[in-house]
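[1] sequence first, predicted coordinates after that:
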Amino acid sequence: MKWLTRLREAHERLIRLDRATKTTRDHLGTIERLLAQLDERSRRQDEALKGVGERLLTLEQSLVASQTRLGELDSRIDANTRASSSAHAAFDAHFRDVEQHLKESRRRLKGLEVDLGAQVARLHTRLSRLRAPLDAPADQAFLDLARPLVDARRTLLGYDRLYILWQAVKNVAHLGLPAVEVGAFRGGSAGLIAHAWRAAADVDGELHVVDTFEGHLDRQLSDRDLPLQRGKFQQTSYDDVRSYLSTFANVRVHKGDATQLIGEWPERRYALLHLDVDLYEPTRRCLEYFAPRLASGGVIVLDDYGAPTCPGVAQAAGELLTHDRSAFHQWDTQTEQLVLIKR
Amino acid sequence: MTMRHQGEPMTTTDDRNDARAESSAGAAPGTERRARDPKDWIHREIKKYRKRNDLAFRPDAEFFRLADPVVNSIRTLLGFDRLYVLWQAVGNVQHLDGAVVEIGSYRGGSAYFLASSFLALTGSEARIHVFDTFEGHPANMIGEPDTFHRAGQFGDTNYEDVKAYLSPYALLEVHKGAVSAASLQHLEDATYRLLHIDTDLYQPTLDCLEYFAPRMVSGGVVVVDDYAAPKCPGVPKAVVEYLANSDLFQVWDLRTEQLMLVKR
């Protein structure tokens, strides 16, 4: 019995073994399948790796290419920088040159401008002398008088301005009051005033003629006047003008600075002021003095009002008068004169 | 810089110059262009001042603001130089009382300029009478001294048109008809401060001076146009004749061919 039991046991063991073997075989199958899967996967990975490698290779190649180009660019930038810095330096130098030139030209231009201003003023004067006598039906008496004055260069005024002056005298002669001229130069316009007075009123009017006879005084110039005015109008002389005007018994010639002389004059009223001083300060001072002392109906003829070379004159008149027309009629006669008629 | 202006080439003539040339057709041949030509005058005189804003004097921007449209409209034959005289006249009578009269307004340009100048300078309108036949010179007005004028000259204007043009100014009255000593009697104003006579003829100029002179206020201004114009010999004849018997005025003969009288 023993062996039967043993046999049974053995049989059972065999069955178990068989079962185990079967399981093992199953396991082995599974393992094999897994292995196969693994194999497949690794193969695929290998393939992918191979692709990556290839791509890496191309990348590497392009990297090298980029580096080469970068190097090239670098060197080109270097070259450019060098070139531009040298150009910059050259430009700087050129700029400094140009600046220097400009400065110099500006300096020269300023000099030229002053010269040109003086030339223009001279030309203007000549032009006004050359200009044909007025085309208006002016009095023949005026032309007969003015022509010798202009021809003898006794005055720098042209016929147009002298005609205004002539008319001023005719309009105030009946007042019987004295006339004043400040800025007489060689006495031509004073002569015209005196002649006109004699013609208009049949008497020799009292006329005071003021000039430094030394040209513009330096201390009279202000920053409102052009520098070219310095030292102008020196080509005259007191004695010459006095003898020229000596035919008129009532003409007095005063030598000196008008702004000082008028301070010593007696208080009185005037019929006419011909103000031709070209500069701001004396224009202003004389207007301040004479405007209130002018008789009603009296006239101020302000020369060079609006003349480009005499900006100070217009400024002085503008500051004192032109904003208020209640005291004076104001007429810009378009001859670079301003005529003021006291109301 | 002045030299450049003087050297500047003249631009070509335009309608305005043609109109002017037409009006001076009666002048003696060979008469040179006069300062009244606005272009000439701008170039010679005014242009430089337009650029010089630093100077406190004339011709100011306000003048050009009013004069430019009037000149460009060809409603007046006056150039800038003569309008500038009128502009100053308005400035000089702005404080005074009395009416304003223009005789010979043609297409109304100068009347418009006067009215707008008063408005600009005083802030209020002035009482203005404007006279014209609106049919040109009447045949019976052209006397012996008016050598170069013919009937109907300056007739290319129209009463209705000028009235409409001047209608913005309520105190401005337009009168149609020839001016004579008799017709002026109808005016009701007692005093006048500004008179602009632009008839070109002998008789109406004399009539106006004789009627208005005693009625002008002290400081009042008379502007006689074409006093020195060779084509209007009747005007200076009338003025000289009137002034021979009158010392009511200061007399200023301006280079613009205008005569300016200031009542003493």
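    On my side now, so go ahead. Everything numeric in this text was worked out from a predicted model, so none of it was measured.

[2] so B:His175 belongs to a strand, correct?
    Yes. Applying DSSP: H, G, I helix; E, B strand; the rest coil, one finds B:His175 inside a strand.

[3] low-confidence ranges in chain B?
    Counting by pLDDT under 70, the low-confidence segments of chain B come to B:1-59.

[4] again, only using 90
    B:1-65, B:67-69, B:71-82, B:139-141, B:143-156, B:181, B:186, B:188-189, B:228-233, B:254-257 (pLDDT under 90).

[5] for it, what spans make up the helices?
    Assigned by DSSP state H, chain B shows helices spanning B:2-7, B:15-23, B:38-41, B:47-51, B:61-72, B:80-93, B:109-122, B:159-165, B:181-184, B:202-212, B:234-244.

[6] tally of neighbours for whichever residue of the stretch 151-264 of chain B sits closest to chain A?
    Using C-beta to the nearest C-beta, B:Ala228 is the residue of the stretch 151-264 of chain B that sits closest to chain A, at 3.8 Å. Placement of C-beta: from N, CA and C, glycine included. B:Ala228 has 22 neighbouring residues, counting by other C-beta atoms under 10 Å in any protein chain shown.

[7] phi first, then psi, for it.
    phi -110, psi 20 (degrees, to the nearest 10).

[8] ok now stretch B:87-99, how far from the chain's centre?
    Centroid displacement of stretch B:87-99 relative to its chain, using C-alpha atoms, centre = their mean, to the nearest Å, is 15 Å.

[9] residues in contact with it?
    Residues from elsewhere that reach stretch B:87-99, judged by C-beta atoms under 8 Å, 6 or more residues apart in numbering or on different chains: A:325-326, A:329-332, B:59, B:63, B:66-67, B:113-114, B:117-118, B:121-122, B:126-129, B:189, B:191-194, B:196, B:216-217, B:219-221, B:223, B:260.

[10] filter the residues you listed down to just the ones in strands.
    Using DSSP state E, the members of these that fall within strands are A:329-332, B:128-129, B:192-194, B:196, B:216-217, B:219-221, B:223, B:260.

[11] what parts of the stretch 201-343 of chain A come near chain B?
    With C-beta under 8 Å from any C-beta of the partner chain as the criterion, the stretch 201-343 of chain A meets chain B at residues A:297, A:299, A:305-306, A:308, A:311, A:314-315, A:317-319, A:322, A:325-326, A:329-335, A:339, A:341, A:343.

[12] are any of those residues buried, and if so which?
    A:297, A:299, A:305-306, A:308, A:311, A:314-315, A:317-318, A:322, A:325, A:329-335, A:339, A:341 (16 or more other C-beta atoms under 10 Å in any protein chain shown).

[13] low-confidence ranges, the stretch 101-250 of chain A, go.
    For the stretch 101-250 of chain A (pLDDT under 90), the answer is A:105-153, A:156-161, A:199-205, A:217-235.

[14] what about the strands in it?
    A:179-182, A:207-211 (DSSP state E, counting those that start in this stretch).

[15] hmm, back to that, please pick the buried ones from the ones in strands among the contacts of stretch B:87-99.
    Neighbour-count burial (16+ other C-beta under 10 Å) applied to the ones in strands among the contacts of stretch B:87-99 gives A:329-332, B:128-129, B:192-194, B:196, B:216-217, B:219-221, B:223, B:260.

[16] so A:Gln220 touches A:Leu279, yeah?
    Yes. Using C-beta atoms under 8 Å, A:Gln220 is in contact with A:Leu279, at 5.3 Å.

[17] B:Tyr159 contacts B:Val174, correct?
    Yes. Using C-beta under 8 Å, B:Tyr159 is in contact with B:Val174, at 7.1 Å.

[18] please say which of these two ends up with more neighbours.
    The residue with more neighbours, out of B:Tyr159 and B:Val174, is B:Val174; 23 against 16, by other C-beta under 10 Å.

[19] what's opposite that one in the beta bridge?
    For B:Val174, the beta-bridge partners are B:Val130 (DSSP bridges).

[20] I'd like the distance between it and B:Leu187.
    13 Å (C-beta to C-beta, to the nearest Å).

[21] and what of A:Gly183?
    47 Å.

[22] pick out whichever of those two has more residues nearby.
    Neighbour count, other C-beta under 10 Å: between A:Gly183 and B:Leu187, A:Gly183 has more, with 24 against 17.

[23] apart from its neighbours in sequence, what residue is nearest the more buried one?
    A:Asp276 (3.7 Å; C-beta to C-beta, 6 or more residues apart in numbering or on different chains).

[24] contacting residues for the one you found?
    Counting by C-beta under 8 Å, 6+ apart, A:Asp276 has contacts A:157, A:181-185, A:189, A:303-304.

[25] specify which member of those residues is nearest to chain B.
    A:Asp304 (11.6 Å).

[26] what's the most buried one of the helices of chain B?
    Burial of those is given as mean neighbour count (mean count of other C-beta atoms under 10 Å in any protein chain shown); helix B:80-93 ranks first at a mean of 25.

[27] between the contacts of A:Asp276, which is closest to A:Val98?
    Ranked by distance to A:Val98 (C-beta to C-beta), these are led by A:Asp304 at 40.0 Å.

[28] for A:Asp239, see how far away the residue nearest to that closest one when sequence neighbours are not counted is.
    The shortest distance from A:Asp304 to any non-neighbouring residue, by C-beta to C-beta, 6+ apart, is to A:Cys310 (4.0 Å). A:Cys310 is 28 Å from A:Asp239, where distance means C-beta to C-beta.

[29] the more surrounded of these two?
    Each of A:Cys310 and A:Asp239 has its neighbours counted (other C-beta under 10 Å); A:Cys310 has more, 25 against 10.

[30] isn't the more buried one right next to A:Asp278, touching?
    Yes. Counting by C-beta under 8 Å, A:Cys310 does reach A:Asp278; the two are 4.7 Å apart.

[31] who's in contact with the residue nearest to A:Phe233 when sequence neighbours are not counted?
    Nearest non-adjacent residue to A:Phe233, counting by C-beta to C-beta, 6+ apart: A:Gly215, 4.5 Å away. Counting by C-beta under 8 Å, 6+ apart, A:Gly215 touches A:231-234, A:236.

[32] may I ask which of the residues you listed has the most neighbours?
    Going by other C-beta under 10 Å, A:Phe233 tops the contacts of A:Gly215 with 20 neighbours.

[33] surely that one touches A:Leu217?
    No. Distance between A:Phe233 and A:Leu217: 10.6 Å, which falls outside the contact criterion (C-beta under 8 Å).

[34] ok, and what's touching stretch A:172-179?
    A:169, A:193, A:196-197, A:200-201, A:205-208, A:268-274, A:295, A:297-299, B:247.

[35] could you pick out the buried ones from those residues?
    Here, 16+ other C-beta under 10 Å leaves A:169, A:193, A:196-197, A:200-201, A:205-208, A:270-274, A:295, A:297-299 buried among these.

[36] so which elements touch the helix or strand hosting A:Leu14?
    Per DSSP states H and E, A:Leu14 falls inside helix A:2-130. Other helices and strands packing on helix A:2-130, by 3 or more C-beta pairs under 8 Å, 6 or more residues apart in numbering or on different chains; DSSP states H and E, are helix A:159-172, helix B:2-7.

[37] try it again with 10 Å
    helix A:140-151, helix A:159-172, helix B:2-7 (3 or more C-beta pairs under 10 Å, 6 or more residues apart in numbering or on different chains; DSSP states H and E).

[38] want to try TSV for those, with distance to A:Leu116 as columns?
    Formatted as TSV, the helices and strands packed on helix A:2-130 follow (distance: least, C-beta to C-beta, whole Å):
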stretch	distance to A:Leu116
helix A:140-151	25
helix A:159-172	23
helix B:2-7	8
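
[39] and those helices, which is most packed in?
    The stretch of the helices and strands packed on helix A:2-130 with the highest mean neighbour count (mean count of other C-beta under 10 Å) is helix A:159-172, at a mean of 24.
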